[in-house]
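>>> Any chance you could fold what I've pasted below:
(chains A and B)
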Amino acid sequence: MEIVCPAGTPASLRAAVKAGAHTVYCGFADETNARNFPGLNFDRDEMREGVKFAHDHGAKVLVAINTYPRAGGEAIWHRAVADAEASGADAVILADLGLLAYAAKHHPGLRRHLSVQAAAANADMLNFYASEFGVKRVVLPRVLSVPEIAAINAETEVETEVFVFGGLCVMAEGRCSLSSYATGLSPNMNGVCSPASHVEYHDDHGALSAKLGGFTIHKVGADEPAPYPTLCKGCFSAGDATGHLFEDPVSLNAEKLIPQLAKAGVTALKIEGRQRSRSYVAQVVRNFRAAVEAQAAGRPMPEGMLAQLTEGQAATAGAYKKTWR
Amino acid sequence: MHDHAVQLPVFPRLPALALRGVPLTPVALALGAFARRMALRHPSMFKRLGDYGAARFVLDPTDLPVTLLLEPRAGNPRLRLSRKPMQGDARIAGPLSGLLGMVHGAYDGDALFFSRDLVIEGDTAAVLALRNAIDDAELDLAAEAAAMSGPFGAQIRRLIQLAETRTGVALSRHEEDPLW
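Prediction:
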């Protein structure tokens, strides 16, 4: 199976390739991709050099242009598609129907993947995107069980890619407005979920509280692990009850499910984390490359050593095994 | 500390106490020269900082009796040292080994934040920009120090390697050979 690895910077791209990534995904340093964070992403020269480095080492590069173009601002997204093709990228990852139509018409030779942001969660949708826009691969949303993924693959020729590690969104992806509600900025339009510019941390004698857009979304004691400052991981009080309303602050780790995902017909395994460091990228990629090599050889899955990298320092198999409360 | 957290080496207490007697001015001058050299050799790091190049970062190694104030100033960096708390736009605090480990790519900043080894306050966006810019620069402070030491470079490098082995602190760039 192919592993698709994140790179927020050229250094991370090189780290991913050296650690064994078959494919790396990254984005331009603007609002066209869903990790539009300060100090992150690639300018045009860096993208060209990154693609060359990956190709020289036998790896592919996918360019994520997976936010939804602003009315009147479409030219920014159109330019990103053209520049991705000019850089030599192997495919673009798109979410918006209009942008898919634009890319299919003006850049027919550029392979198109459907982003998780499009929330395509059944075979009819996959087949529609394939027939109308020539989409070759769909990144499935993180709300499907393994049998559901198998059912989709049984009814489509489109390649499927699923997340196996990293941050977990359980909302209908591409349609979550929580960040927008609190800050006015969203991953869908601006490429930022819970933008750092709206985050404040306060350390009060070891207790850490986090505010997003002025709302306190969680407070953890001195000995508790800290989560990301996202509303979906917030800890709220209502009446006498206090708890994580949407989801617990844990990361996805589906490493043990790789054999089942292979059996379900999945083509590629995606690792989340373009906002993470090259250290994270190298460790996670090395781990998952070893796992897919073991799977291909029929060996047992190796023991992972990734718990320290997970949010909340805890992991879940997420929707793949629907055991949520 | 949590079961899965990285165990960060802590600067030994006695040498840390001894540092209280060290005059800060010559140390600050040397660190300033070091930072300016880094700026010349890694201009893309400052480009990646963007508008946050004008921010003032308080770097607080919590196991040392000093605090640093870093002002990147768009490629003309300035460093100040103080034994008293300093004010800036953002504060990044943690054991010296954690801060150096992030610079050298040995540790992931988010993981240190999750485990509470790293504390950030103030302008979170500026902190992210700095973290990402430094991570992309693939700095090697040991190599830079050796290069600055002229004829003593080789000895300095060996000394740093010895210290790295003895303490477990990442004093040089963490890099592994390609695996596949």
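
>>> List the residues that contact the residue in chain A positioned nearest to chain B.
Residue nearest to chain B within chain A (Cβ to the nearest Cβ): A:G39, separated by 3.1 Å. (Glycine included, C-beta is placed from N, CA and C.) A:G39 sits next to B:R48, B:L49, B:G50, B:Y52, B:L128, B:A129, B:L130, B:R131, B:N132, B:A133, B:D136 when contact means Cβ atoms under 8 Å, 6 or more residues apart in numbering or on different chains.

>>> Buried among those? Need that as a selection in ChimeraX.
To isolate the buried ones among those in ChimeraX, judged by 16 or more other Cβ atoms under 10 Å in any protein chain shown, type:
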select /B:48,49,52,128,129,130,131,132,133,136
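
>>> which among the contacts of A:G39 are in contact with chain A?
B:R48, B:L49, B:G50, B:Y52, B:L128, B:A129, B:L130, B:R131, B:N132, B:A133, B:D136 (Cβ under 8 Å from any Cβ of the partner chain).

>>> Excluding chain neighbours, give the residue nearest to the second one in space.
So that's B:L49. Among residues not flanking B:L49 along the chain, B:A133 sits closest, at 4.7 Å (Cβ to Cβ, 6 or more residues apart in numbering or on different chains).

>>> Surely the one you found touches B:P43?
No. Contact between B:A133 and B:P43 fails when scored by Cβ atoms under 8 Å: they sit 11.1 Å apart.

>>> What strand or helix carries the residue in chain B positioned nearest to chain A?
The nearest approach of chain B to chain A comes at B:N132, 3.1 Å away (Cβ to the nearest Cβ). Using DSSP states H and E, B:N132 maps to helix B:124-137.

>>> Can you give the distance of the helix or strand following that helix from its chain's centre?
Following helix B:124-137 in sequence order, the next helix or strand is helix B:141-148 (DSSP H and E). Relative to its parent chain, helix B:141-148 has a centroid offset of 14 Å by Cα atoms, centre = their mean, to the nearest Å.

>>> other SSEs contacting the helix or strand following helix B:141-148?
Next along the chain after helix B:141-148, taking DSSP H and E as the criterion, comes helix B:153-167. Judged by 3 or more Cβ pairs under 8 Å, 6 or more residues apart in numbering or on different chains; DSSP states H and E, helix B:153-167 is in contact with helix B:141-148.

>>> what does the helix it packs on rub up against?
B:33-34, B:37-38, B:41, B:100, B:103-104, B:153-154, B:156-157, B:160-161, B:164, B:171-173.

>>> Could you pick out the buried ones from these?
B:F34, B:M38, B:L100, B:V103, B:H104, B:I156, B:R157, B:I160, B:E164, B:L171, B:S172.

>>> wait, is the third one part of a helix?
Which is B:L100. Yes. Applying DSSP: H, G, I helix; E, B strand; the rest coil, one finds B:L100 inside a helix.

>>> State the pLDDT value of it.
According to the prediction, B:L100 has pLDDT 96.

>>> That one contacts B:H174, correct?
No. Counting by Cβ under 8 Å, B:L100 stays clear of B:H174, with 10.3 Å between them.

>>> The stretch 201-325 of chain A against chain B: which residues are in contact?
Listed as neighbours of chain B in the stretch 201-325 of chain A under the rule Cβ under 8 Å from any Cβ: A:201-203, A:208, A:222-228, A:275-280, A:282-283, A:286, A:289, A:307-313.

>>> Just the ones in strands from those residues, please.
Cross-referencing these against strands under DSSP state E gives A:Y201, A:H202, A:D203, A:L208.

>>> I'd like to check which residues are in contact with the last one.
This points to A:L208. A:L208 is in contact with A:Y201, A:H202, A:K219, A:V220, A:A226, B:R116, B:V119, counting by Cβ under 8 Å, 6+ apart.

>>> Flag the shaky bits of the chain, pLDDT-wise.
Let's take chain A. By pLDDT under 70, the weakly predicted segments of chain A are A:170-172, A:304-305, A:307-308, A:312-313, A:322-325.

>>> I was after chain B.
In chain B, residues with pLDDT under 70: B:1-5, B:176-180.

>>> Quick check: beta-bridge partners of the spatially closest residue to A:L114 that is not a sequence neighbour?
Once flanking residues are discounted, A:L114 sits nearest to A:V138: 4.3 Å by Cβ to Cβ, 6+ apart. Residues in a beta bridge with A:V138, per DSSP bridges, are A:L114, A:T160.

>>> Correct me if wrong: A:V138 contacts A:N153.
No. With contact defined as Cβ under 8 Å, A:V138 does not count as touching A:N153 (10.4 Å).

>>> contacting residues for residue 74?
Unless you meant another one, I'm taking chain A. By Cβ under 8 Å, 6+ apart, A:E74 lies in contact with A:G98, A:L99, A:Y102.

>>> Sorry, I should have been clearer: chain B.
If you count contacts by Cβ under 8 Å, 6+ apart, B:A74 has them with B:F46, B:L49, B:G53, B:A54.
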